[in-house]
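S.K.: Below is the sequence, then the predicted model.
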Amino acid sequence: MSQGDSNPAAIPHAAEDIQGDNRWMSQHNRFVLDCKDKEPDVLFVGDSMVQLMQQYEIWRELFSPLHALNFGIGGDTTRHVLWRLKNGELENIKPKVIVVWVGTNNHENTAEEVAGGIEAIVQLINTRQPQAKIIVLTSCGGQLLSAHPCLEVEILFVVSGFVTSR
């Protein structure tokens, strides 16, 4: 399903510095430092859907007591998350649970490509964090869903086939 190197959504790539302020790389570097300083039981990784969770009371009530880390960056695609995970965000930590929520920003990819990107992320996590239970959340709202109304259902179908086959 992941289509190997032919799937653009499964090729790790750092995000472009569109704003010119090194914001994305600064966030990544902060996450890598967090891996050296903290011992999370739960790690959340993904795009703005993950990043924004910290703004809500549910984060403080449910996830902060679990020593959760939030490695969400707005605008990230599966490619960006793969790059981050391969470049330090899985080092020096041993979380019990890793929650992956990404795909919303993969505007240029098909459902199968997005699912393949998510599969590549899960495989990388399995390799580097074999003790961790992995939870994959999928919600491809926003522009992706409005441009391709059936895409979320397709991604859910393809990802669930991969995850249940583990």
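M.R.: Arrived safely. Numbering: from 1, shown residues only.

S.K.: So the residue most central in space within the chain versus S6, what's the distance?
M.R.: For the chain, the residue nearest the mean C-alpha position is G46 (3.0 Å; Cα atoms, centre = their mean). Going from G46 to S6 by Cβ to Cβ, to the nearest Å gives 24 Å. Yep, even glycine has a C-beta here, placed from its N, CA and C like the rest.

S.K.: now swap in D47 and tell me
M.R.: Distance from D47 to S6, by Cβ to Cβ: 23 Å.

S.K.: Next: L82.
M.R.: Counting by Cβ to Cβ - L82 and S6 are separated by 15 Å.

S.K.: These two - which one has more neighbours?
M.R.: A direct count of neighbours by other Cβ atoms under 10 Å for L82 and S6 places L82 higher, at 23 against 10.

S.K.: pretty sure that one contacts Q123?
M.R.: No - L82 is beyond contact range of Q123, at 9.9 Å (criterion: Cβ atoms under 8 Å).

S.K.: Three-state assignment for N92, please.
M.R.: coil (DSSP: H, G, I helix; E, B strand; the rest coil).
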